[in-house]
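> Build the 3D model from these lines:
(one chain, ligands or ions: 2)
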Amino acid sequence: MEQIMELGSLKNTSFDYEKLRHSLRNSGYAILNYCLSKEICQDIMAFIDAYPVSSAEVNYGGTEKRIWQSEHIHSGICSFGNFADKVMKNVFSVEVKLKTVLSYSNFPINDAESFTNGRWHLDSLRNQYKLFCFLTETKDTTGPLEIIPGSHKFIFKLRALMKGKYLSHSDLGRPVRKYQRLDDAWVQQEISNLGGSLPFLCEAGTLVLVNTSAIHRARPCSEESRYALCAYYDHF
Ligand SMILES: O=C(O)CCC(=O)C(=O)O
Ligand SMILES: [Fe+2]
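Residues are numbered from 1 along each chain as shown. Ligands and ions are numbered 1, 2, ... in the order given. Model prediction:
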């Protein structure tokens, strides 16, 4: 926190944690507005752009660039990581240390079906949390993170499991489970049943805490770009 203050990168540190907990419980996410300044967002974006492609993970035909363990490379990202740990402590009343901060950028994909379909997934069947920071204003067309609120609830997961939508016999011994790439047609039905999906359309510098056992995806980016940070945590 002290380091963040020194950097002058943090705009908003006072949150109604009870309200955040309530939103997480009921909807599977919580939004923390106006956390990082535009300046620090731009500085981190410049770092992502300058980072050699050869050392990054590249996906979606070269349109996604991912830098793992980036908190060890850039001091502003390190500060974000420290702040993320404090947010987790305040929300969950547990002392946790992040596993990594992923820094990444997305540019428009060509609309090959393999890049647009099959994106809905869960990270885990058990409750698990990630803290995202969007470094650019996110719009419908820039590939926002999208969640199906309510799909994190135990009863929803149990029903999906019983219908065989999350696990299948053939998952045994396979690296990818069924819930890591859900059936798009089934997800569309559940979106109607649960009252819609929610793309996070927000100002640059906004943080979103997500229970990633809810159904979610990165919507394909079709225009401009999206830059983000994501603090990863183990189950706790
Ligand atoms: O990039 C995104 O918006 C979401 C990616 C995702 O599914 C994840 O980090 O778990
Ligand atoms: Fe995910």
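> Tell me where the model's unsure across the protein.
1-13 (pLDDT under 70).
> I'd assumed Glu223 was in a helix, is it?
No: checked against DSSP: H, G, I helix; E, B strand; the rest coil, Glu223 lies outside a helix; its state is coil.
> got the contact list for it?
Going by C-beta atoms under 8 Å, 6 or more residues apart in numbering, Glu223 touches 108, 139, 141-142. Just so you know, the C-beta spots here come from the backbone N, C-alpha and C atoms, and that holds for glycine as well.
> Ser213 contacts Tyr129, correct?
No: if you go by C-beta atoms under 8 Å, Ser213 and Tyr129 don't touch, sitting 9.1 Å apart.
> the more surrounded of the two?
Counted by other C-beta atoms under 10 Å, Ser213 and Tyr129 do not tie: Tyr129 has more neighbours, with 26 against 23.
> for the more buried one, what are its contacts?
88, 92, 209-212, 233.
> Taking the contacts of Glu223 together, which two end up most distant?
Using C-beta to C-beta, these span at most 12.4 Å, a distance reached by Pro108 and Lys139.
> just checking, Gln15 touches Asn90?
In this structure residue 15 is Phe, not Gln. Yes: applying C-beta under 8 Å as the test, Phe15 and Asn90 come out as touching, 7.5 Å apart.
> more neighbours, the two?
Legend: neighbour count by other C-beta under 10 Å for Phe15 and Asn90, higher for Phe15 (17 against 12).
> for that one, what are its contacts?
Counted by C-beta under 8 Å, 6+ apart, Phe15 has contacts 32, 87, 90.
> how about the residues you listed in CSV, adding distance to ligand 1 and secondary structure?
Converted to CSV, the contacts of Phe15 look like this (distance: C-beta to the nearest ligand atom, whole Å; DSSP: H, G, I helix; E, B strand; the rest coil):
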residue, distance to ligand 1, secondary structure
Leu32, 16, strand
Val87, 17, helix
Asn90, 22, helix
